[in-house]
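S.K.: Quick one: sequence and predicted model below, then my questions.
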Amino acid sequence: MLFRLRRHAPGGGILLAALVLAGCGRTAPPPAAAVGPPPLPVVTLAERVVPRERVWDGTVEAVHRATLSAQTSGRIVELPFDVNDYVPKGAVVARLTDVEQGAAVRVALAQVRSAQAAYGDAEAQYQRIAAIYARKLVSRSQYDQARAGADSARAALEAAQQNVRAAQQSQAYTVVRAPYAGIVTRRFVQIGEAVQPGQPLIAGISLNQLRVEAQVPQSDVAPIRRYARAWVLLEHGARRLEAARVIVFPYADAATHTFTVRLELPPADTGLNPGEVVRVAFMIGAQRALTVPRTAVLRRGEITGVYVVRDGRVALRQVRLGRVVDGQVEVISGLSPGEQVARDPLQAVAWLVRQHARKGA
């Protein structure tokens, strides 16, 4: 019978080998083990309290902005910086001639030396008269006259010293320095131009400290003042910058009946520029909402989704999301409380790839 199968049946050799192996008591390989729960870090979704907000437009402003003016007269001899140039703190932004100021300093110093000599002579005279008066050899009037002369000479010396300080300060005014680091926004004078005290020289702003001012209706002022929390919405709301301080002005505009609200921003590189219009979200209450960690969201073109882990399986589910608050994204639709999602979408993708490769092998 075995011979007949080997001779006439196609593939008989394979069938014969299978029968022989079965006769020898060997068994087939065991089936693959069932796949366990995915070894992925997950988060269980639950509702949480999030701010209820009202959004208004605001304008970015520089906290430090100034126009430097001349404090003495002279002619401009140096203007190292032009518009849009960055100026370090303490750098010279304008220099004036100091011929008159220098001469005034020298005159004041000469007056101090003269006053010092006069005071030294008057003090020595007073000491001599005081010693004689102690022995009752001069009258009281002579003693008082010598003491008055010494006091007058001392007062004259102090006045001369004050004149020196005033002259030196006037000379220092010929060098105008930047009070803080910033950007030059305007130059009012040119080299060679004569200036007088009070005349504007150069204007600039600092980008290190910014703030935002918004006009809000009086109906929203009470909750804004109560909660004192606000965020500047960046990148179309995908990123938020929380204000370090919220200040509500204590008066309203008589024409528009709106209040000015100022947001002091933290001293960081925010990417904002003075003069920009931004969206500002003010907290006016609280509400419960389902949220998911922002790091768990996968965005690919028009698709926004998360990887849901359920019954040992991982599946991508498209969701509709809202605003971002404190690293959490509000879920509008697509998920329910109690569901679990992968914290890291890339780890979920890698796990799916490995499972697909095992099945293919």
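M.R.: Happy to help now that I have it.

S.K.: Scan this structure for its longest helix.
M.R.: helix 99-134 (DSSP state H).

S.K.: Now do the strands in the stretch 101-250 of the chain.
M.R.: Ranges of strands in the stretch 101-250 of the chain, per DSSP state E, counting those that start in this stretch, are 175-177, 182-187, 194-195, 200-205, 210-217, 230-234, 239-242, 245-252.

S.K.: Just put the ones you listed in a markdown table and tack on mean neighbour count, distance to Leu68 and mean pLDDT.
M.R.: Just so you know, the C-beta spots here come from the backbone N, C-alpha and C atoms, and that holds for glycine as well. Listed next are the strands of the stretch 101-250 of the chain as a markdown table, based on neighbours: other Cβ atoms under 10 Å; distance: least, Cβ to Cβ, whole Å; pLDDT from 0 to 100:
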| stretch | mean neighbour count | distance to Leu68 | mean pLDDT |
| --- | --- | --- | --- |
| strand 175-177 | 16 | 6 | 95 |
| strand 182-187 | 17 | 10 | 94 |
| strand 194-195 | 16 | 11 | 94 |
| strand 200-205 | 20 | 5 | 94 |
| strand 210-217 | 20 | 21 | 95 |
| strand 230-234 | 21 | 30 | 92 |
| strand 239-242 | 17 | 31 | 86 |
| strand 245-252 | 14 | 27 | 94 |
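
S.K.: Out of those strands, flag the one nearest Phe282.
M.R.: Smallest distance to Phe282 across the strands of the stretch 101-250 of the chain (Cβ to Cβ): 4.8 Å, for strand 230-234.

S.K.: The closest one pairs with which strands?
M.R.: Here strand 230-234 is paired, per DSSP bridges, with strand 239-242 (antiparallel), strand 277-293 (antiparallel).

S.K.: where's the first one relative to the chain centroid, distance-wise?
M.R.: Relative to the mean C-alpha coordinate of its chain, strand 239-242 is positioned 11 Å out (Cα atoms, centre = their mean, to the nearest Å).

S.K.: do the same with stretch 47-63
M.R.: Put simply, stretch 47-63 sits 16 Å off its chain's centre (Cα atoms, centre = their mean).

S.K.: buried ones in it?
M.R.: By 16 or more other Cβ atoms under 10 Å, the buried positions in stretch 47-63 come out as 50-51, 53-54, 56, 58, 60-63.

S.K.: pLDDT on that stretch, on average?
M.R.: Confidence over stretch 47-63 (mean pLDDT, whole number) is 92.

S.K.: Show the contacting residues for Arg48.
M.R.: Residues near Arg48 by Cβ atoms under 8 Å, 6 or more residues apart in numbering: 288-289, 291, 328.

S.K.: can you tell which of the strands of the stretch 101-250 of the chain is closest to Gln125?
M.R.: That would be strand 175-177 among those, by Cβ to Cβ, at 43.4 Å.

S.K.: which other helices and strands contact the closest one?
M.R.: Counting contacts by 3 or more Cβ pairs under 8 Å, 6 or more residues apart in numbering; DSSP states H and E, strand 175-177 is packed against strand 92-96.

S.K.: where are the low-confidence patches of the stretch 1-150 of the chain?
M.R.: 1-37 (pLDDT under 70).

S.K.: how far away is the spatially most central residue of the chain from Gln209?
M.R.: Per Cα atoms, centre = their mean, the C-alpha nearest to the average position across the chain is that of Ala268, at 2.0 Å. Using Cβ to Cβ, to the nearest Å, we find Ala268 at a distance of 10 Å from Gln209.

S.K.: ok, now how distant is Gln145 from Gln127?
M.R.: For Gln145 relative to Gln127 (Cβ to Cβ), the value is 14 Å.

S.K.: And for Ala115?
M.R.: 18 Å.

S.K.: quick one, which of these two is more surrounded?
M.R.: Ala115 (20 against 12; other Cβ atoms under 10 Å).

S.K.: can you list the domains in the chain?
M.R.: With domains defined by automatic domain parsing, the chain comprises 42-48+290-360, 51-63+207-286, 66-96+177-205, 98-173.
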